[in-house]
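J.: Attaching a predicted model along with its sequence, questions to come.
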Amino acid sequence: QVHLVESGGGLVHAGGSLRLSCPVSGGFFSVHAMAWFRQAPGQERDFVASLSWGSEGTRYAESVKGRFTISRDNAKNTLYLQMNNLEPLDSAVYFCAAAVGASPRFFYLPYEYNYWGQGTQVTVSS
């Protein structure tokens, strides 16, 4: 059973930075890919970035390319999302997700991930 707990959210001014963390406990070596999604109030859960475990290939939503970086630390079994030059539209609850047992086909669809954290709030003030 994989357990995910996000941390690192908070309130920052526009232009600021935050780093989100998502340690993975249990079943780390069964993970095929992980991703970050975000959900603003009244909105759908949107793809932010993904990381393939085997190839370490990364994918990003167009809106965050060049500003966000997804990475992992194998020694700490932890996924990260470095967010720079934050904008008010980045405000949302951020979720990490893991695809366990099978590799995603598209990587940007929430249903391809079968384990989720509880989310961490990111608020960017203008």
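T.: Thanks, I have the structure now. Residues are numbered from 1 along each chain as shown.
J.: Pull up the gap between the closest residue to Ser25 other than its chain neighbours and Trp36, please.
T.: Nearest in space to Ser25, with sequence neighbours left out and distances taken as Cβ to Cβ, 6 or more residues apart in numbering, is His3 at 4.5 Å. For glycine as for every other residue, the C-beta is placed from the backbone atoms N, C-alpha and C. Separation of His3 from Trp36 (Cβ to Cβ, to the nearest Å): 17 Å.
J.: out of those two, which sits in the more crowded spot?
T.: Trp36 (27 against 12; other Cβ atoms under 10 Å).
J.: Could you pull out the buried residues of stretch 50-58?
T.: Buried positions in stretch 50-58, judged by neighbour count with 16 or more other Cβ atoms under 10 Å: 50-53.
J.: nope, stretch 114-126 is what I was after
T.: For stretch 114-126, by 16+ other Cβ under 10 Å, it's 115-117, 119-120, 122, 124.
J.: export the residues you listed to JSON lines and tack on distance to Phe68, secondary structure and pLDDT?
T.: Shown next, in JSON lines, are the buried residues of stretch 114-126 (distance: Cβ to Cβ, whole Å; DSSP: H, G, I helix; E, B strand; the rest coil; pLDDT from 0 to 100):
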{"residue": "Tyr115", "distance to Phe68": "21", "secondary structure": "strand", "pLDDT": "96"}
{"residue": "Trp116", "distance to Phe68": "19", "secondary structure": "strand", "pLDDT": "97"}
{"residue": "Gly117", "distance to Phe68": "17", "secondary structure": "coil", "pLDDT": "97"}
{"residue": "Gly119", "distance to Phe68": "17", "secondary structure": "coil", "pLDDT": "97"}
{"residue": "Thr120", "distance to Phe68": "14", "secondary structure": "strand", "pLDDT": "98"}
{"residue": "Val122", "distance to Phe68": "11", "secondary structure": "strand", "pLDDT": "98"}
{"residue": "Val124", "distance to Phe68": "13", "secondary structure": "strand", "pLDDT": "98"}
